[in-house]
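K.L.:
Compute the structure for the input listed below.
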Amino acid sequence: MATTEPQQIEHVHLPVRGLTLHVAQAGKGELGTVVFLHGFPEIWYSWRHQMLAVAAAGYRTVAPDWRGYGLSDQPPEPEAAEYDDLIEDLLGILDALAVPKAFLVGKDFGAMPAYDFALRHPNRTCGVMCLGIPLGTAGLSFNTLPEGFYILRWAQPGRAEADFGKYDVKRVVRTIYILFSRSEIPIAKEDQEIMDLADLSTPLPQWFTEEDLSVYSSLYEKSGFRYPLQMPYRSMHQRKAIGDSKFQVPVFVVMGENDYVFKFPGIESIMKDGIMEKHAPDLKITYIPEGGHFVQEQFPDLVNELLLGFLKDHPNI
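P.N.:
This next block holds a predicted model:
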């Protein structure tokens, strides 16, 4: 693994629901526990900046690799991925670490189990902060987007595998980070695949180093993309809408103003039309100017400030 990993971060492997899941952690936890839930193509390492800042403030920070990602075990049948496995694994991680209640911080598809866990297990949740995905997105339709929209393409069994398989893992991760850092939705033309949308001459974002890329690539060399393509792209349809449910814990939604997700059908309406307030009586929404999809890596100091402010405003009593 690259040398950029902070030495204050420890690694444990926990038996959870028949698999061994990898968890990175730091801090003593005098003020409580904060659990960070990654998206795709991320792994625990995407929270490196937040883990150390929050640990220094007096919290225990925990960042798992989801099953099938990074250093966690592959499930025996990746194609049988179930969305609820995310929520049950999260519960199992808290139990294995003897954490009675935690703050949850989710990013990308990791935001979805963070919201749903808080609704199902409010007694185990202190609060929820999510980046890039507002609450209430289950059931959104992408029918108005072209068939080359990356989610529609990657939902097709075998298509992304064939596309990714033409390149080494580092090239795949590099391309995804470049594409997903932009403000435009990644959409291929009929005669293109998603990997065709960026070439080797395109530089990485300034905030993402070659060493960072090496860390991600080494972990995807281990896990491969077989399960990550099932979860989220071929399993999120299993997620149920929240209906009339109301959050019993505080919710904090942070969106980068340049995040391409903002252009998904229905997202701006959810964010600005009071829809979220119906489900989250204690809701805060913050926009980060110039922030893209990987805002916790792009502007780590600002995200740390927002997160620490949220934690301070809601002490774990």
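
K.L.:
and the residue nearest to Lys107 when sequence neighbours are not counted, what is it in contact with?
P.N.:
Nearest non-adjacent residue to Lys107, counting by CB to CB, 6 or more residues apart in numbering: Leu131, 4.5 Å away. Every residue, glycine included, has its C-beta placed from N, CA and C. Shown in contact with Leu131 (CB atoms under 8 Å, 6 or more residues apart in numbering): 105-108, 111, 254-256, 295-296, 303.

K.L.:
For these, give me TSV that also has neighbour count.
P.N.:
Formatted as TSV, these follow (neighbours: other CB atoms under 10 Å):
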residue	neighbour count
Val105	30
Gly106	26
Lys107	28
Asp108	23
Ala111	24
Val254	25
Met255	23
Gly256	24
Val295	24
Gln296	26
Val303	26
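
K.L.:
Out of those residues, name the ones that lie in strands.
P.N.:
Judged by DSSP state E, the contacts of Leu131 include 105-107, 254-256 as members of strands.

K.L.:
Buried residues, the lowest-mean-pLDDT helix or strand in the chain. List them.
P.N.:
One helix or strand of the chain scores below all others by mean pLDDT, DSSP states H and E: helix 267-272, with a mean of 89. Neighbour counts over helix 267-272 (16 or more other CB atoms under 10 Å) mark 267, 270-271 as buried.

K.L.:
Between the residues you listed, which sits nearest Lys246?
P.N.:
Taking CB to CB as the measure, Lys246 lies nearest Ile270 of the buried residues of helix 267-272, at 16.1 Å.

K.L.:
residue contacts, the nearest residue to that closest one once chain neighbours are set aside?
P.N.:
Counting by CB to CB, 6+ apart, the nearest residue to Ile270 once its immediate chain neighbours are dropped is Pro134, at 4.8 Å. Residues counted as contacts of Pro134 (CB under 8 Å, 6+ apart) are 253, 255, 267, 270-271, 276.

K.L.:
which one of the residues you listed is nearest Glu184?
P.N.:
For these, the nearest to Glu184 is Ile267 (14.4 Å; CB to CB).

K.L.:
ok, the closest residue in space to Asp282 that isn't next to it in sequence - how many residues close by?
P.N.:
Spatially, and ignoring its direct neighbours in sequence, Asp282 is nearest to Pro250 (4.2 Å; CB to CB, 6+ apart). Other residues near Pro250 come to 20 when the count uses other CB atoms under 10 Å.

K.L.:
Let me see the backbone angles for Pro250.
P.N.:
Phi and psi for Pro250, reported as degrees, to the nearest 10, are phi -70, psi 150.

K.L.:
element containing the nearest residue to Leu104 once chain neighbours are set aside?
P.N.:
Distances taken as CB to CB, 6+ apart place Ala114 nearest to Leu104, at 4.2 Å, with adjacent residues excluded. Taking DSSP states H and E as the definition, Ala114 sits inside helix 111-120.

K.L.:
Pull the residues that contact that helix.
P.N.:
For helix 111-120, the surrounding residues in contact (CB under 8 Å, 6+ apart) are 37, 39, 83, 86-87, 90-91, 104-106, 124-125, 127-128, 130-133, 135, 137-138, 232, 236, 239, 242, 245, 247-249, 251.

K.L.:
how does it look with 6 Å?
P.N.:
For helix 111-120, the external contacting residues (CB atoms under 6 Å, 6 or more residues apart in numbering) are 37, 86-87, 90, 104, 106, 125, 128, 130, 133, 135, 245, 247, 249.

K.L.:
same deal with stretch 136-144?
P.N.:
The contact list for stretch 136-144 (CB under 6 Å, 6+ apart) reads 239, 241, 265-266, 270, 275.

K.L.:
can you tell me which residues contact the residue nearest to Asp282?
P.N.:
Contact partners of Pro250, counting by CB under 6 Å, 6+ apart, are 127, 282, 314.

K.L.:
now the helices for the stretch 101-250 of the chain?
P.N.:
Under the criterion DSSP state H, counting those that start in this stretch, helices of the stretch 101-250 of the chain are mapped to 111-120, 150-154, 159-164, 169-180, 210-223, 226-228.

K.L.:
Would you tell me which one of these is buried the most?
P.N.:
Among the helices of the stretch 101-250 of the chain, helix 111-120 has the highest mean neighbour count (mean count of other CB atoms under 10 Å), at a mean of 23.

K.L.:
Alright, that wraps it up for me.
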